[in-house]
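K.L.:
just coords:
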Ligand code: ASP
């Protein structure tokens with residue numbers, strides 16, 4: 001079945017299966033969708049002409065209604081700027097506005113008028129506008145004979161130039177997206193909306209019904225949705241496209257498309273690199289984040305203010321830790337790394353017979369050698385990479401020091417995160433974080449981070465940690481650090497935001513002094529990372545081209561946070577021998593799970609409304625065989641006519657490791673059915689005005 005219009009996209013297109021085959025691997029870019037055979041798409045179930053999804057000349061189409069919101073996906077659902085996404089994607093706005101007296105996380109929120117909507121200080125939405133292949137420009141920017149570090153710097157410089165030129169138009173946000181380590185580079189231009197306000201979120205007991213017990217599981221019964229509104233110049237933003245809501249819903253076998261921003265997958269890595277991700281990333285995440293969860297829970301227990309402060313951090317640590325466990329379990333169960341190694345062997349044998357592919361073999365060997373080298377400092381690198389998820393005080397102190405060092409350099413020579421275009425975000429974040437700061441919890445995380453750092457093997461130690469904390473009792477040293485620092489005070493921190501390195505030094509603040517001492521080691525790590533990225537940009541394309549040539553068919557590019565489309569069908573699966581899962585759940589199943597005890601304690605208002613209806617007729621969640629990953633949360637799920645039937649919010653346990661490899665037998669994502677959202681608004685929240693605005697009520 002010819003499913004490509006032409007073969008130009010062979011490098012980055014997805015693996016193609018006959019329509020009768022189960023599951024379609026591939027997170028397709030908008031351009032790729034247009035290059036697929038329309039007849040094949042029709043056969044799958046797409047009723048719209050593909051050009052309606054994306055018109056590259058105008059830089060718009062229905063896909064422009066699928067937007068990015070922070071690390072999540074979302075969809076416009078009204079001409080008045082309403083955006084539907086997951087409850088867990090707007091949870092931080094709920095946390096930002098919660099107090100012990102008015103706990104919006106617990107009770108939910110509904111703005112009855114626009115004046116009541118709640119601004120998310122750091123929430124931003126980007127609407128896709130243009131995708132330009134800039135591979136040639138990037139590759140040509142690398143001087144002949146460049147070292148890996150020079151290579152990385154040259155690519156970086158070119159990327160910054162392209163982004164700067166692209167962002168000359170107002171309200172425009174651009175980035176150069178790298179596909180499969182450098183097989184292709186695409187300049188992505190988006191329109192940015194920075195005034196985003198929370199309109200509606202159900203109580204936590206509905207939005208995350210089942211909590212961590214049900215997270216990453218099926219059968220599922222969560223109302224994981226929330227509404228925001230985007231504003232432009234103080235008025236509701238009017239998008240050109242939005243998704244009309246389908247009241248008809250879905251049935252088993254129906255065609256659906258998941259439209260969103262999958263973050264990162266690892267399918268193009270070599271087996272040795274995958275094993276490094278397993279041991280140096282997911283195994284450490286599972287262990288150390290698991291420990292941090294316990295510490296945060298203990299530290300905040302019994303303090304209403306502490307519990308609110310740590311709620312967001314705790315939720316994301318829980319999600320990451322359980323995801324890591326799922327990755328480890330899935331890798332072992334699916335023998336994914338072993339299969340990758342077997343596949344590599346086949347490619348190697350083939351390439352050895354074709355002299356033109358010999359350089360690919362060297363490239364792979366070199367990638368593996370680099371992976372083996374990086375094993376030596378695995379824990380140290382993980383601790384450094386985890387600073388953004390760890391103690392806020394450490395994150396802030398290291399950021400303030402780095403900012404002071406970077407700001408004196410010309411804008412285009414700074415690290416991307418510290419360029420002028422990023423400073424308003426960084427400032428907003430430093431301010432907003434105060435809401436999440438709770439000293440006992442932060443101190444506990446700091447101690448854990450330091451304890452791990454003090455346990456590092458010789459050859460991979462952090463001298464600054466040894467010097468400051470290697471001696472006396474860690475408890476006392478950390479208590480003194482928090483007593484003495486002003487970094488944790490909002491007013492002082494915001495003052496530090498504008499200070500130079502000399503000014504920071506002159507403060508003699510113990511935490512800043514520690515961050516200043518750590519800075520050279522963090523710099524050395526960054527330099528090694530950039531050098532490695534330079535090597536990968538040289539080696540990975542060489543190896544991947546051989547893999548693709550050997551396969552003789554297009555292979556999917558890994559997710560990289562850019563807009564993708566996945567074609568799927570509503571479908572159950574078998575998680576293990578003798579067990580068959582149906583693809584849909586209803587309110588009846590939710591009531592069955594209700595025990596009155598968290599996380600299975602439904603609000604009274606829902607129980608009363610449910611008593612007046614036949615709960616088996618209120619669809620709640622459904623499965624489809626879409627190819628999704630983290631970042632796809634909140635992705636609009638639409639039918640063949642482009643009407644909204646649901647929202648993606650999770651994957652099933654057996655499929656968490658699909659980040660490493662797609663398996664059609666278990667590739668299932670979990671969606672909330674739009675009919676449950678409408679039922680809740682209508683019968684529990686009585687949100688008549690919203691329902692009218694959504695076009696779901698006359
Ligand atoms: N729950 C995920 C997210 O937060 C979705 C997934 O990983 O499938 O993006």
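P.N.:
Perfect, I can see it now. Small disclaimer: the values here were computed from a predicted structure and weren't measured.
K.L.:
all contacts plus neighbour counts: C-alpha atoms, from now on.
P.N.:
Noted.
K.L.:
What distance do you get for the residue of the chain found nearest the ligand to residue 673?
P.N.:
Closest to the ligand within the chain is residue 630: 3.3 Å, counting by C-alpha to the nearest ligand atom. Between residue 630 and residue 673 the distance is 19 Å, computed by C-alpha to C-alpha, to the nearest Å.
K.L.:
for residue 508, same thing?
P.N.:
According to C-alpha to C-alpha, residue 508 stands 56 Å off from residue 673.
K.L.:
Return the backbone torsion pair for the nearest residue to residue 433 once chain neighbours are set aside.
P.N.:
Counting by C-alpha to C-alpha, 6 or more residues apart in numbering, residue 392 is the residue found nearest to residue 433 once chain neighbours are left out, at 7.8 Å. The phi/psi pair for residue 392 (degrees, to the nearest 10) reads phi -60, psi -40.
K.L.:
of residue 630 and residue 673, who's got more company?
P.N.:
A direct count of neighbours by other C-alpha atoms under 10 Å for residue 630 and residue 673 places residue 673 higher, at 29 against 22.
K.L.:
What residues are bridge-paired with that one?
P.N.:
As for beta bridges, residue 673 partners with residue 646 under DSSP bridges.
K.L.:
so who does it touch?
P.N.:
249, 619, 620, 621, 622, 645, 646, 647 (C-alpha atoms under 8 Å, 6 or more residues apart in numbering).
K.L.:
hmm, 10 Å instead?
P.N.:
Counting by C-alpha atoms under 10 Å, 6 or more residues apart in numbering, residue 673 makes contact with 222-225, 249-250, 584-586, 618-623, 637, 644-648.
K.L.:
Same question for residue 513.
P.N.:
Listed by C-alpha under 10 Å, 6+ apart, the contact partners of residue 513 are 397, 398, 401, 464, 468, 485, 504, 505, 506, 507, 519.
K.L.:
what helix or strand is the residue of the chain closest to the ligand on?
P.N.:
Of the helices and strands defined by DSSP states H and E, none includes residue 630.
K.L.:
confidence score at it?
P.N.:
Per-residue pLDDT puts residue 630 at 98.
K.L.:
Residue 410 now?
P.N.:
The score at residue 410 is 98. That number is its pLDDT.
K.L.:
how much space between it and residue 342?
P.N.:
48 Å.
K.L.:
Show me which of these two is the more surrounded one.
P.N.:
A direct count of neighbours by other C-alpha under 10 Å for residue 410 and residue 342 places residue 342 higher, at 13 against 10.
K.L.:
Roughly how far does the more buried one sit from residue 533?
P.N.:
Applying C-alpha to C-alpha, the value for residue 342 to residue 533 is 26 Å.
K.L.:
still on that earlier bit, test my guess that the residue nearest to residue 433 contacts residue 444.
P.N.:
No - with contacts counted by C-alpha atoms under 10 Å, residue 392 stays clear of residue 444, the gap being 11.2 Å.
K.L.:
between these two, which one's more packed in?
P.N.:
The neighbour comparison of residue 392 against residue 444 (other C-alpha under 10 Å) goes to residue 392, with 25 against 21.
K.L.:
Now for the closest residue to residue 686 other than its chain neighbours, how many residues are close by?
P.N.:
Among residues not flanking residue 686 along the chain, residue 680 sits closest, at 8.0 Å (C-alpha to C-alpha, 6+ apart). Using other C-alpha under 10 Å, residue 680 has 20 neighbouring residues.
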